[in-house]
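**Q** Dropping a prediction and its sequence here:
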Amino acid sequence: MTRAATWRTLLLLGAVAALEALCLAGVIDRITMQPPHKILIDLWRLLASGSLNRAIAKTLGNAAAAFAVAMALGVASGLVIHRFRRLRDTLDPLFATYYAIPVFAFYPLLIVLFGLGDAPQIFIGAMLGVVAVIVNTLNGLDRVPRVLLKTARVNRLSPLQTALQVTLPCAAPFILTGAKLAVAYSLIGIIGAEFIMSNGGMGYEISFAYTNFDNATMYPLIVLILLVSITINIVIARWEKRILARRGLA
Amino acid sequence: MRDVPTPLVLLRGGEKVFPPPGPSGRPVHALGPLDLELRRGEFFAVVGPSGCGKSTLLELIAGLSTASRGEVAFEGRPIRGEIPDGVGVVFQEDASFPWLTVRDNIAFGLKRLPLPADEKTRRIERALAMMGLASFAASYPAQLSGGMRQRVCIARTLVTEPKLILLDEPFGALDQQTRLLMGDEVLNLWRKTGATVFLITHALDEAAMLADRIGVMSARPGRLIDVVETGWPRDRDSRIVEEEAFGAITARLWRSLRAESMKSLGHAGAAA
Ligand SMILES: Nc1ncnc2c1ncn2[C@@H]1O[C@H](COP(=O)(O)OP(=O)(O)OP(=O)(O)O)[C@@H](O)[C@H]1O
Ligand SMILES: [Mg+2]
């Protein structure tokens, strides 16, 4: 481990230990927060009992669907936008202001459009992530050396073959950066939507537990979401690092 | 009418003018007008001062760019920006794919060819051995030196056995000894496949040793100011440097080039 990584770990462990101490000493009362060790025990109990399995499966399934849509749509749009200069010039400023839009404000409209099922939630998750994927894909495509494109032309590759065999592999590290953001945005979109208006899923359960002062359910669920998001992020980051190392860039 | 075989490549009054880089810039007249004929099966080398338009000429012949004026024909058919089949190019810049191993890089061009799998494997193994890359087959380009990466690109082009091989300073990053040996390998392949080779080089001795004919280009905008026939037998190798004629050819190339090279360096009056 590098020195910085050691310090980082110590910092996090220290924060958790401090929280534990404050909770045990009664400085933070039990209605506000559980001591961390209690949260872990509750999490284990929740998972073992299986009572929330349906909620967890619904949320992670929808988040996975939102992520898949954001990636497929984002990479495909990135390729198309990259090909047409005009389109690019038109859309670039829109991408820059995209994250100023509070997507959740449109939730009532989405329910009118898609009904009350999973669709509006998946739509929100995908729409939150897709622009991050497009922007990062474009960023990667901009950096493909011209000589590689010439190589593709000399090999008489079609535009689709060029994308699959040359430009996308070349831009892969950037696309993975987009993927990391899309994972986070999908979870934010799905859980946020479940919070606002839904009758299932982890977001719904958290909000339900909150209104019932059920800390033994609320905190373990929050920690579970954190763990899922961080784990996926670490896996993608590892992958990214391996790709960069192959290219002598890490 | 006499039966004159159509040349493989015919360039008539070929010129390339690049548009101005910005609103205040001027267009760059990079090449020509220039007439050039590549005969089927010949080894043609081009020498010329830096920036005279050699790479630009190569891209016109490859069909990678379109002439601003004049015509380029491949096997008698005009090409306008589309790549004819059977053309292989080794670019001046490193064009290896950093995400593929050396072996997969070399296999890249073979994928689209309708050849039996064992023939593809045979060609790849032979190319790896020929370019001295056998023990690096599983390495990634980033782990190789610049010269080795260039050899990966040469191998990737040669395995497809193109009719016309265009090489843009392929040995630029190699030491003199390796350069001679690589030259021998290219000669071998040229003899064996009957391909036509167009080689850009800045090394006069390399041009004199490898080529049947050598085109000498002027400073930018590049035109052909001399074409030297070497008269070497088809069955030749790097030992040709011991021949008396070799020295004479190199000397003639240098005579034609000296003034042009100074021009391109901006020594305007030095030619006198
Ligand atoms: N895409 C382009 N746009 C504008 N100008 C260009 C472009 N490509 C080349 N040029 C210009 O055309 C001229 C010839 O370039 P070219 O690369 O053909 O020279 P070269 O003879 O291959 O040089 P070198 O020996 O250094 O490789 C140069 O002045 C260069 O700046
Ligand atoms: Mg050049």
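**A** Great, that's in hand. Ligands and ions are numbered 1, 2, ... in the order given.
**Q** and residue 121, which of the three is it?
**A** Unless you meant another one, I'm taking chain A. At residue A:121 the chain is in helix, as set by DSSP: H, G, I helix; E, B strand; the rest coil.
**Q** List the contacts of the nearest residue to it once chain neighbours are set aside.
**A** Nearest-residue entry for residue A:121: residue A:193, 4.0 Å, with adjacent residues in sequence omitted and distances by Cβ to Cβ, 6 or more residues apart in numbering or on different chains. (C-beta placed from N, C-alpha, C; glycine too.) Taking Cβ atoms under 8 Å, 6 or more residues apart in numbering or on different chains as the definition of contact, the neighbours of residue A:193 are A:104, A:107, A:120-121, A:124-125, A:203.
**Q** give me the number of residues near the nearest residue to residue A:208 once chain neighbours are set aside?
**A** With sequence-adjacent residues excluded and distances taken as Cβ to Cβ, 6+ apart, residue A:208 is closest to residue A:214, at 7.8 Å. Residue A:214: 13 surrounding residues under other Cβ atoms under 10 Å in any protein chain shown.
**Q** just residue B:257 next, same as before
**A** When neighbours are counted by other Cβ under 10 Å, residue B:257 registers 23.
**Q** My read is that it contacts residue B:204, right?
**A** Yes: between residue B:257 and residue B:204 there is a contact under Cβ atoms under 8 Å: 7.4 Å.
**Q** anything in contact with each of these two?
**A** residue B:47.
**Q** list the contacts for the closest residue to chain A within chain B?
**A** In chain B, the residue that lies nearest chain A is residue B:142 (3.1 Å; Cβ to the nearest Cβ). In this structure, residue B:142 makes contact with A:246-249, B:98, judged by Cβ under 8 Å, 6+ apart.
**Q** Among the residues you listed, find the one with the greatest number of neighbours, please.
**A** Taking other Cβ under 10 Å as the neighbour criterion, residue B:98 ranks highest of the contacts of residue B:142 with 20 neighbours.
**Q** Skip the chain neighbours and tell me the closest residue to it.
**A** Here the nearest residue to residue B:98 in space, its sequence neighbours aside, is residue A:247; by Cβ to Cβ, 6+ apart that works out to 4.3 Å.
**Q** Same question for residue B:104.
**A** Closest residue to residue B:104 in three dimensions, ignoring its sequence neighbours and counting by Cβ to Cβ, 6+ apart: residue B:97, at 7.8 Å.
**Q** from what I can see that neighbour touches residue B:108, true?
**A** Yes: at 6.8 Å, residue B:97 and residue B:108 qualify as touching, with contact defined as Cβ under 8 Å.
**Q** before we move on, the earlier item: please identify the helix or strand for the closest residue to the residue of chain B closest to chain A other than its chain neighbours.
**A** Once its chain neighbours are removed from consideration, residue B:142 has its nearest residue in residue A:248; the separation is 3.1 Å (Cβ to Cβ, 6+ apart). Residue A:248 belongs to no helix or strand when assigned by DSSP states H and E.
**Q** show me the residues around residue A:248 that make contact.
**A** So residue A:248 contacts B:98, B:140, B:142-143 (Cβ under 8 Å, 6+ apart).
**Q** Can you tell me the SS state at residue B:115?
**A** For residue B:115, the secondary-structure state derived from three-state DSSP is coil.
**Q** So what touches the lowest-mean-pLDDT helix or strand in chain A?
**A** Considering only helices and strands, the least confidently modelled element of chain A by mean pLDDT, DSSP states H and E is helix A:107-114, at a mean of 78. Residues from elsewhere that reach helix A:107-114, judged by Cβ under 8 Å, 6+ apart: A:120, A:123-124, A:193, A:196-197.
**Q** just the buried members of these?
**A** For these, a burial check counting by 16 or more other Cβ atoms under 10 Å in any protein chain shown picks out A:120, A:123-124, A:193.
**Q** quick one: which two of the residues you listed are the most distant?
**A** Across the buried ones among the contacts of helix A:107-114, the longest distance by Cβ to Cβ is 8.9 Å; it joins A:123 and A:193.
**Q** what touches both of these two?
**A** When contacts are counted by Cβ under 8 Å, 6+ apart, the set common to residue A:123 and residue A:193 is empty.
**Q** The stretch 1-150 of chain B against ligand 1: which residues are in contact?
**A** Contact residues (Cβ under 6 Å from any ligand atom) of the stretch 1-150 of chain B with ligand 1: B:18, B:28, B:30, B:48, B:50-56, B:92.
**Q** dump the residue contacts of residue B:19.
**A** residue B:27.
**Q** redo that, cut-off 10 Å
**A** Contact analysis of residue B:19 by Cβ atoms under 10 Å, 6 or more residues apart in numbering or on different chains lists B:25-28, B:68.
**Q** Pick the one among the residues you listed closest to residue B:266.
**A** Distances from residue B:266 to the contacts of residue B:19, taken by Cβ to Cβ, are shortest for residue B:28, at 16.1 Å.
**Q** show me the residues around the residue of chain A found nearest ligand 1 that make contact.
**A** Per Cβ to the nearest ligand atom, the residue of chain A with the smallest distance to ligand 1 is residue A:146, at 8.8 Å. Contact criterion Cβ under 10 Å, 6+ apart gives B:91, B:93, B:95 as the residues in contact with residue A:146.
**Q** SS state for residue B:12?
**A** For residue B:12, the secondary-structure state derived from three-state DSSP is strand.
**Q** Just the buried positions in the helix or strand where residue A:168 lies, please.
**A** Per DSSP H and E: residue A:168 is located in helix A:168-196. Applying a neighbour-count criterion of 16+ other Cβ under 10 Å, the buried positions in helix A:168-196 are A:168-195.
**Q** on that earlier part again, give me the distance between the least confident helix or strand of chain A and the centre of its chain.
**A** Taking Cα atoms, centre = their mean, to the nearest Å, one finds the center of helix A:107-114 at 23 Å from the center of the full chain.
**Q** now that helix against helix A:168-196, angle please.
**A** Using axes from the mean of the first three to the mean of the last three Cα atoms, to 10 degrees, the direction of helix A:107-114 lies 110 degrees away from that of helix A:168-196.
**Q** in the stretch 101-250 of chain B, what residue is nearest ligand 1?
**A** Among all residues of the stretch 101-250 of chain B, residue B:220 sits closest to ligand 1, at 5.3 Å; criterion: Cβ to the nearest ligand atom.
**Q** I'd assumed residue B:57 was in contact with that residue.
**A** No: under the contact definition of Cβ atoms under 10 Å, residue B:220 does not touch residue B:57, with a separation of 11.4 Å.
**Q** What is the neighbour count of residue B:203?
**A** The tally of other residues near residue B:203 (other Cβ under 10 Å) stands at 18.
**Q** Also residue B:26?
**A** Counted with other Cβ under 10 Å, residues neighbouring residue B:26 total 10.
**Q** what residues does the stretch 151-272 of chain B put near chain A?
**A** By Cβ under 10 Å from any Cβ of the partner chain, the part of the stretch 151-272 of chain B that sits against chain A consists of B:153, B:156-157, B:160, B:162, B:166.
**Q** Next step: these restricted to helices.
**A** In helices, judged by DSSP state H, the following of those are found: B:153, B:156-157.
**Q** and the residue of chain A found nearest ligand 2, backbone torsions?
**A** Scanning chain A for proximity to ligand 2 using Cβ to the ion identifies residue A:147 as nearest, at 11.6 Å. The main-chain torsion angles of residue A:147 are listed as degrees, to the nearest 10 and equal phi -70, psi -30.
**Q** That concludes my questions; thank you for your assistance.
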